[in-house]
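S.K.: Sequence and predicted structure are below.
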Amino acid sequence: MMHSSAALAVLRHAALLALLLSLPHHAWAQHSSHQSVGEHGNHSATPAGHEDHQNHGDAANSTDSQQGISKFTAPAKLTLDVMDAPKLEPGKAVTVRFRLRRQADTKDLSFKDLKEVHTKKLHLFVVDASLTDFFHLHPQPSRQDASLFVFRFTPRRPGDYRIWADVTQQPTTSAQTPIQQFVAATLPSTNPASLPIDSTPVDKVVVQGLTAQLHFDSPMQAGKAAVASITFKAQDGKAVNDLQPVLGAFAHVVAFSKSGQQVLHSHPMGKAPKNDGDRAGPTLQFHLQPRDPGFVKIFVQIRRNQQDIVFPFGQVVQD
């Protein structure tokens, strides 16, 4: 009997381990385009002049590997060099050109060196110093130079802006694993005096008649994964069940630390959309794992009725 009980315990342990290993392994992910909050138009930057606006990447399908525990970035092994950075003015559109260089050998990365993730080869997050004016854009290579990336946007706030390139390089061998990196640079303003950051926690936001309620199973703590739920309701209080796919996911979460030195990018848990006809709602769940304590601004991007909507939240990560 004792031997039989021991064997049964071993079998139960093995079954539990197999179940845990079969669950999605949540890792960093990339994605989508968006204008600033309240500016819901094109989903990609449109360079001016003679730049090439077409997507030269392959049409790789996104998979469930996009989901996951998202962590604040580690130091990148790339450098983002802005070429002849324009001076920003609120309400004035600017074209920005930059290069991505490997720190090891200073070699420029070209468009073909980048791996397509969430239907795009390059994702760019832009935010002002007050963490209010947010853009999610997709720079394209110049027609004359595939290693010169171009995007265009219109700042709404005074002060400098921070840009973060979400980059995944193509592996050079089959044995290599693609590694995601975030590379940052600052765009200077003609008026360097920026508005202060509002560090008030916000867990309920109403945008364009939709109410989004953010809830954490437990308070966010530095270095620990937390499960966040976001529930969407229409103006009449009814649950929203018609969230559309936006660049390979039902939502995108981008968060910035108050220090301006860290960024977070995540997608909903569960199955990713397989086609444009798939729908989700009213509640989406995320794993979030901040590295440091302090205030974070969280932008949640969804698509409904063929329109992108961004909900800005604020949370405090405990020590």
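M.R.: The structure has been received and is ready for your questions.

S.K.: Would you list the phi and psi of residue 111?
M.R.: Backbone torsions of residue 111, given as degrees, to the nearest 10, read phi -60, psi -40.

S.K.: how close does it get to residue 122?
M.R.: 8 Å (C-beta to C-beta, to the nearest Å). C-beta coordinates here come from the backbone N, C-alpha and C atoms, glycine included.

S.K.: which neighbours do the two share?
M.R.: Taking C-beta atoms under 8 Å, 6 or more residues apart in numbering as the criterion, residue 111 and residue 122 both touch residue 149.

S.K.: More neighbours: which of the two?
M.R.: Higher neighbour count among residue 111 and residue 122: residue 122, with 25 against 20, using other C-beta atoms under 10 Å.

S.K.: Double-check the more buried one against residue 164; I have them as touching.
M.R.: No. Residue 122 sits out of contact with residue 164 when judged by C-beta atoms under 8 Å, with a separation of 11.3 Å.

S.K.: How many residues are close by residue 259?
M.R.: Residues near residue 259, counting by other C-beta under 10 Å: 11.

S.K.: I figured it was touching residue 294, is that so?
M.R.: Yes. Counting by C-beta under 8 Å, residue 259 does reach residue 294; the two are 7.1 Å apart.

S.K.: in stretch 95-113, what's buried?
M.R.: Across stretch 95-113, burial judged by 16 or more other C-beta atoms under 10 Å covers 96-101, 109-111, 113.

S.K.: That stretch: how far from the chain's middle?
M.R.: Offset of stretch 95-113 from its chain centre (C-alpha atoms, centre = their mean, to the nearest Å): 20 Å.

S.K.: Over to stretch 201-216?
M.R.: Distance, centroid of stretch 201-216 to centroid of chain: 18 Å (C-alpha atoms, centre = their mean).

S.K.: mean confidence score for it?
M.R.: Averaging pLDDT along stretch 201-216 gives 96.

S.K.: So for that stretch, what gets flagged as buried?
M.R.: Buried-residue list, stretch 201-216, by 16+ other C-beta under 10 Å: 205, 207, 210-214.

S.K.: Kindly export it (C-alpha atoms) in PDB.
M.R.: The C-alpha coordinates for stretch 201-216 follow below in PDB (Å, rounded to 0.1, in the frame of the first residue of the first chain):
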ATOM      1  CA  PRO A 201      -4.100  57.200  -9.600                       C
ATOM      2  CA  VAL A 202      -6.800  56.700 -12.200                       C
ATOM      3  CA  ASP A 203      -8.700  53.400 -12.600                       C
ATOM      4  CA  LYS A 204     -11.800  54.500 -14.400                       C
ATOM      5  CA  VAL A 205     -11.800  56.400 -17.700                       C
ATOM      6  CA  VAL A 206     -14.500  57.500 -20.100                       C
ATOM      7  CA  VAL A 207     -13.500  58.100 -23.700                       C
ATOM      8  CA  GLN A 208     -15.900  58.600 -26.600                       C
ATOM      9  CA  GLY A 209     -18.900  57.300 -24.600                       C
ATOM     10  CA  LEU A 210     -17.100  54.100 -23.500                       C
ATOM     11  CA  THR A 211     -16.200  53.500 -19.900                       C
ATOM     12  CA  ALA A 212     -13.100  51.400 -19.000                       C
ATOM     13  CA  GLN A 213     -12.600  50.200 -15.500                       C
ATOM     14  CA  LEU A 214      -9.200  48.900 -14.500                       C
ATOM     15  CA  HIS A 215      -8.800  46.500 -11.600                       C
ATOM     16  CA  PHE A 216      -5.800  44.700 -10.100                       C
END
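
S.K.: in the stretch 1-150 of the chain, which spans are strands?
M.R.: 69-71, 78-83, 94-102, 123-128, 134-137, 140-141, 149-153 (DSSP state E, counting those that start in this stretch).

S.K.: Nearest to residue 317, out of those?
M.R.: Closest of the strands of the stretch 1-150 of the chain to residue 317 is strand 69-71, at 12.2 Å (criterion: C-beta to C-beta).

S.K.: In this structure, where is pLDDT below threshold?
M.R.: Residue ranges of the chain with pLDDT under 70: 1-75.

S.K.: now the buried residues of stretch 201-216 in JSON lines, with distance to residue 234 and secondary structure?
M.R.: Formatted as JSON lines, those follow (distance: C-beta to C-beta, whole Å; DSSP: H, G, I helix; E, B strand; the rest coil):
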{"residue": "205", "distance to residue 234": "14", "secondary structure": "strand"}
{"residue": "207", "distance to residue 234": "12", "secondary structure": "strand"}
{"residue": "210", "distance to residue 234": "6", "secondary structure": "strand"}
{"residue": "211", "distance to residue 234": "8", "secondary structure": "strand"}
{"residue": "212", "distance to residue 234": "11", "secondary structure": "strand"}
{"residue": "213", "distance to residue 234": "13", "secondary structure": "strand"}
{"residue": "214", "distance to residue 234": "17", "secondary structure": "strand"}
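
S.K.: Return the closest of those residues with respect to residue 145.
M.R.: Closest approach to residue 145 among these (C-beta to C-beta): residue 207, at 38.5 Å.
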